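Visitor: Have a look; sequence and predicted model below, questions after that.
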Amino acid sequence: MPNVPTCYVITGSLTEEGLVAYLRADGTWASSIADAHPFESEAEAEARLAEVKGAESIITEPYVFAAERSGDTIRPTSAREILRAEGPSTRLRRPDHAAS
Amino acid sequence: MYTYDEYDQKLVRERAAQFRGQVERRLSGELTENEFKPLRLQNGLYLQLHAYMLRIAIPYGVLSSTQMRKLAEVSRTYDRGYGHFTTRQNLQLNWPKLEDVPKILDELAEVEMHAIQTSGNCIRNITTDPLAGVARDELEDPRPFCEITRQWSTFHPEFAFLPRKFKIAFNASGDNDRAAMKYHDIGVKIVDRDGERGFEIWVGGGMGRTPVISKLIREFLPREHLISYLEAVLRVYNQLGRRDNIYKARIKILVNETGPDEFRRLVEAEWEDTKESSLRLDEAEIERMRGFFSAPDYESLPSSDELLGQIRSGDGALARWARNNVVVHKQPGYSAVTLSLKEPGTPPGDLSDSQMDTVADLADTYSFGEISVTHIQNLVFPHVKTSELESLHADLVALGLATPNIGRINDMICCPGLDFCNLANARSIPIAQEITERFEDIDYQDDLGELALKISGCINACGHHHVGHIGILGIDKRGVEHYQLMLGGSAGDDASIGKILGRSFPAEEIVEAVERVLKTYVDLRESPEEAFLQTFRRVGEDPFRDTLYGDVLYADHSKS
Ligand code: SF4
């Protein structure tokens, strides 16, 4: 198997809404992993994380995770990060019989 | 049902106002997440995988139609138009914004609801039989005692920071335990001794990482001592329960480590000092509390057992539903009806806002405005005239809540799993959906008979997998979801903990594995009347292990 390059992404939950967010290169937060800044090394990501941790009112419990990178695409590898990136895999509400 | 007095009302409103201030300070950055977390958890607010989650308390599962309408409104206004009923008979909203939570709590307070005791290391929401007050087999309605216990436990200053969370359940129906009482930190069973009413006290049950069946520590407690005895148990636990290791902090570990006899001695010694204190319940207080749970204004009707028998003996959808979802009632002419929240392909326990509204309307029409939530994640209309079953059935069919699968394989408990939960290892809802679709044939489900399947997305066991006749546990194998299968558990009076028979299965094989287990059961049962659990207990685990791990398809699973 060819070696897939690894990158590191900073993520957390937006304090106001609780929604998943990823750190962009410009320091703002994106809802899509596609907009995340891929750090080349874990050390670099951890150093940036230390700075981000000060922004408590914006982001809650930020952390770094490793992902795969092919071209411009960042792909999380664990089931947990895939689900965080894509949202629940199940339909969000029951079929609305009552409204029909 | 219980109605708030001015103290209850004040307490709940003040709590909402206090939380509003805490949220404002969190949003302004004045409070860090570390400082805010214990405060939000005391108000039922979690931060989950995708969003905040608010767990709303439904004390002992009892809801009025007015409260159900409010839940609909709150789900619609502040969430994504649905809610999820849980095994503690509560309701979870999966997407509230932080700034909206104080507004939600204000709205809930209007209908005597809140999110207190749904999180944190306190005494959690008290649970009981969803048929409380109407079950023919109950000695008496346990809810007055649940409410007395709730009032004692809410904001009890001594028990605000227990070593771990603490769960209490009541059962009043002898061997027909419908509250999984033996898997609670304390289980209270209402019993008769020589004509005197009192309680058996069971302590130290639980699921999670270390499943334990509780021990009987008092065979008969006179009812006036209920609270003083519970307090004595809590005091011993609060003092001696471990705080150094979260996995060893539940009372089940303490009871195990001290031994039930020594634990009993400690509790009785503590109780000696307090049993004649102000904690002693007087008859007038018990009577006052009973007044809140008096029977609704039933019509005086003849017995409807024969009518129910006739309805059940048909061969259409109504008959099957009446056989599976309707039970007899203690009041002549009435029945209790379970609304299935297990429609194939939908997340178990979920209800949309508009379904909630219609359920509330139907409760007004058919059930004196009363609804109960079951720990198996369904709803019950407790007081339906048997003569109106046909009409109710038609209304529930239109609403998608008449799936006739209560007690069948598809009537499963399923936790939110990795689709929502921050602690999860694997998804549980898609597995539940695949199972409900695979076994959708209701004739097949009826042929399988009584079968409790339970799924958890991690070892915390919110989906009660240890006590499923068939239990499924999600695990993480190097970042990939896998599922452990266990067999032979029971949450009832014949409590038993399921056994793991071999290695786990990847997601694409777990439903096939369940199907193999079912085929083996059908092959081995002595008659169609022998239920899955009976067969498993009679033949043991070997034939099931063989079917799961013995052949080529599963050859690699049997290696270790
Ligand atoms: S069992 Fe685990 S995954 Fe399921 S709700 Fe509980 S903590 Fe979450």
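Guide: Sure, I can see it. Remember, it's a predicted structure, so these values are computed and weren't measured experimentally. Numbering: from 1, shown residues only, chains lettered A, B, ... in the order given.
Visitor: drop to CA atoms for contacts and neighbour counts, all remaining ones
Guide: Noted.
Visitor: Using just helix, strand and coil, how would you label B:Thr338?
Guide: Secondary structure for B:Thr338, judged by DSSP: H, G, I helix; E, B strand; the rest coil, is strand.
Visitor: and if you look at B:Ser372?
Guide: Put simply, B:Ser372 is strand when judged by three-state DSSP.
Visitor: Test my guess that it contacts B:Leu63.
Guide: Yes - contact criterion Cα atoms under 8 Å: B:Ser372 and B:Leu63 qualify, at 5.8 Å.
Visitor: dump the residue contacts of B:Tyr334.
Guide: B:Tyr334 sits next to B:Ser304, B:Val328, B:His383, B:Val384, B:Lys385, B:Thr386 when contact means Cα atoms under 8 Å, 6 or more residues apart in numbering or on different chains.
Visitor: That one pairs with what?
Guide: Taking DSSP bridges as the rule, B:Tyr334 bridges to B:Lys385.
Visitor: tell me the two of the contacts of B:Tyr334 that are most distant?
Guide: The largest separation in the contacts of B:Tyr334, counting by Cα to Cα, is between B:Ser304 and B:His383 at 12.9 Å.
Visitor: Mind checking which of those two has more residues around it?
Guide: B:His383 (27 against 19; other Cα atoms under 10 Å in any protein chain shown).
Visitor: buried sites along the helix or strand where B:Asp357 lies?
Guide: Taking DSSP states H and E as the definition, one finds B:Asp357 inside helix B:353-366. For helix B:353-366, burial by neighbour count (16 or more other Cα atoms under 10 Å in any protein chain shown) applies to B:353-364, B:366.
Visitor: filter the residues you listed down to the ones near chain A?
Guide: Near chain A, judged by Cα under 8 Å from any Cα of the partner chain, the entries from those are B:Ser354, B:Gln355, B:Thr358.
Visitor: from the residues you listed, which single one is nearest B:Leu216?
Guide: Among these, and counting by Cα to Cα, the member closest to B:Leu216 is B:Gln355, at 41.5 Å.
Visitor: Stretch B:39-50 vs chain A: in contact?
Guide: Yes - counting by Cα under 8 Å from any Cα, chain A is contacted by stretch B:39-50 at B:Leu47, B:Gln48, B:Leu49, B:His50.
Visitor: Any chance of JSON lines for these, columns neighbour count and pLDDT?
Guide: Putting the residues of stretch B:39-50 next to chain A into JSON lines (neighbours: other Cα atoms under 10 Å in any protein chain shown; pLDDT from 0 to 100) gives the following:
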{"residue": "B:Leu47", "neighbour count": "25", "pLDDT": "97"}
{"residue": "B:Gln48", "neighbour count": "22", "pLDDT": "96"}
{"residue": "B:Leu49", "neighbour count": "26", "pLDDT": "95"}
{"residue": "B:His50", "neighbour count": "26", "pLDDT": "95"}
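Visitor: In chain B, where is pLDDT below threshold?
Guide: Low-confidence segments of chain B (pLDDT under 70): B:551-560.
Visitor: At the contact with the ligand, which residues of it appear?
Guide: Applying Cα under 6 Å from any ligand atom, we find that chain B lies next to the ligand at B:415-418, B:421, B:423-424, B:456-463.
Visitor: Off-centre distance for the helix or strand hosting B:Leu389?
Guide: Using DSSP H and E, B:Leu389 sits in helix B:389-399. Averaging C-alpha positions (Cα atoms, centre = their mean, to the nearest Å) puts helix B:389-399 25 Å from its chain's average.
Visitor: List the buried residues in that helix.
Guide: Buried residues in helix B:389-399, counting neighbours by 16+ other Cα under 10 Å, are found at B:Leu389, B:Leu392, B:His393, B:Asp395, B:Leu396, B:Val397, B:Leu399.
Visitor: Can you give the contact residues for the helix or strand that that helix is followed by?
Guide: Under the assignment DSSP H and E, the closest C-terminal helix or strand after helix B:389-399 is strand B:413-414. Residues outside strand B:413-414 that contact it (Cα under 8 Å, 6+ apart) are B:87, B:348-349, B:376-377, B:428-429, B:432, B:453-456, B:462-464.
Visitor: Which parts of chain B belong to which domain?
Guide: Chain B breaks down into these domains under automatic domain parsing: B:6-110, B:134-291, B:305-399, B:413-554.
Visitor: which residues does residue 89 contact?
Guide: Going with chain A. Applying Cα under 8 Å, 6+ apart, the residues contacting A:Ser89 are A:Leu83, B:Asp419, B:Pro430.
Visitor: should've been chain B
Guide: B:Gln89 is in contact with B:Ala57, B:Ile58, B:Pro59, B:Tyr60, B:Gly61, B:Thr127, B:Val373, B:Thr374, B:His375, B:Gln377, counting by Cα under 8 Å, 6+ apart.
Visitor: burial measure for the first one, as a count.
Guide: Per other Cα under 10 Å, the neighbour tally for B:Ala57 reads 25.
Visitor: Which parts of the stretch 251-400 of chain B are helices?
Guide: For the stretch 251-400 of chain B, the helices defined by DSSP state H, counting those that start in this stretch cover B:251-258, B:260-274, B:283-292, B:305-313, B:317-325, B:353-366, B:389-399.
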